[in-house]
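>>> Below: sequence and its predicted model.
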Amino acid sequence: MAEGEDVLQFLDLETRKGQTDIAVLQLPYELTTSYGSGTASGPKACVKASAQVELYDPLYGDDLPGDLILSTPLPWIGTAGTLRGQLDEMVDFAKQYTDGSLFPLFLGGEHGILPPILEALKSHPSLTGDLSKLTVVQIDAHADLRSELDGEIFSHACAASRSIDMGIGRLLQVGIRAFSKEEFECIETNEHITTFFARDTQHPCTGAQHWTAWIDMLRAIDGPVHLTIDIDGLDGSLVPSTGTPVPGGLQFWQAVETIEALFSNPHAEVISADVNEIVPQENTPLTEFTAAMLATKIIGGHCYSRKMGFWKTYPQNVNFDENATQSTFFSTWTEG
């Protein structure tokens, strides 16, 4: 960040004194994009666009963030000379916000941010190091279940696959409409994965029944959840500047319904979320504004869950020592 440059705050809110309840965390990470580029500039563009988002949330029933304290810390900056080194740096950054004392919302950046977020979440009190307790809910155009892409196992196209390797309990996907044969076979055979394809949920005649089944599944989740939204999961007309826009995706209100179904489930503990693959758009802010709207809806959902007593706040880890907890998880990753 250049000297003298203003620090943008999500929703253009004034910073309040006190312990943070919600942290909007920028991860401008972009090392493996395979088509369009620009995701490194996405988080800042999303925060800037959020200044134009209305604060009133109908589910919460009030202006956001109510009496909660929302902060927008300085963005993560990758300094390591290798991809895996930067993933480990991301773990160290994210770990400051995964002790359960607040709700972290990550803005990306390419979808490769997901595995380091999950590694950081191991320290969350609801997981106690065991990712098998975690359900990952994924809105995406792509399955992200490739074993590798262009020789890189930590490509953004492998984010869900690496998450499965890391031991998450369940992966629930919706909006999927671009996938390889390898990925389709993985979906068909892996008992941890449930996928709702866009060709089914968006079908003009039978889509409603498939969509209802998706919402019912979200309402039946029990336990910790991480929500990951690749904005290309929405139809390309809504996010034309994302890394790989794909036609035939979710409508905006379907994404909203997904978010609200999760946060209004009294048995689902949504401990974190991310919105990724944001790319600033020339001539119109549509893409980053759509991302800002989704991020704001997530904040609204979290405020609602607190209001209803669904959220459990854990004491802040005041003994956290950033220098003593440097991750080597990805640097020492061995395949198989």
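The structure has been received and is ready for your questions.
>>> Pairing partners for the residue most central in space within the chain in the sheet, please.
For the chain, D274 is the residue whose C-alpha lies nearest the centre (C-alpha atoms, centre = their mean; 1.8 Å). Assessed by DSSP bridges, D274 has beta-bridge partners F106, T228.
>>> Contacts only, for it.
Contact analysis of D274 by C-beta atoms under 8 Å, 6 or more residues apart in numbering lists 27, 105-108, 113-114, 117, 226-229. Using the backbone N, CA and C atoms, a C-beta is placed for each residue, glycine as well.
>>> so which one among those has the lowest pLDDT?
Checking pLDDT across those, the minimum falls on G108 at 94.
>>> Now do the contacts for that one.
So G108 contacts 27-29, 39, 42-43, 274-278 (C-beta under 8 Å, 6+ apart).
>>> Show me those residues that map onto helices.
42-43 (DSSP state H).
>>> Make a markdown table from the contacts of G108 and add distance to R199 to it.
Converted to a markdown table, those look like this (distance: C-beta to C-beta, whole Å):
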| residue | distance to R199 |
| --- | --- |
| L27 | 31 |
| P28 | 33 |
| Y29 | 31 |
| T39 | 26 |
| G42 | 28 |
| P43 | 31 |
| D274 | 26 |
| V275 | 24 |
| N276 | 23 |
| E277 | 21 |
| I278 | 25 |
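>>> Highest neighbour count among the contacts of G108?
For the contacts of G108, neighbours were counted by other C-beta atoms under 10 Å; the highest total belongs to I278, with 35 neighbours.
>>> Just confirm that one contacts P43, I think it does.
Yes: judged on C-beta atoms under 8 Å, I278 makes contact with P43 at a distance of 6.6 Å.
>>> Common neighbours of the two, please.
Joint contacts of I278 and P43 (C-beta under 8 Å, 6+ apart) are 107-109.
>>> between these, which is nearest R199?
The shortest approach to R199 among those belongs to G108, at 26.5 Å (C-beta to C-beta).
>>> could the shared contacts of I278 and P43 go into JSON lines alongside distance to T287?
Output for those, formatted as JSON lines (distance: C-beta to C-beta, whole Å):
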{"residue": "L107", "distance to T287": "13"}
{"residue": "G108", "distance to T287": "13"}
{"residue": "G109", "distance to T287": "14"}
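>>> just curious, which of the residues you listed is nearest to D130?
When the shared contacts of I278 and P43 are compared against D130 (criterion: C-beta to C-beta), the nearest one is G108, at 25.1 Å.
>>> Give me the distance between that closest one and A80.
According to C-beta to C-beta, to the nearest Å, G108 and A80 sit 17 Å apart.
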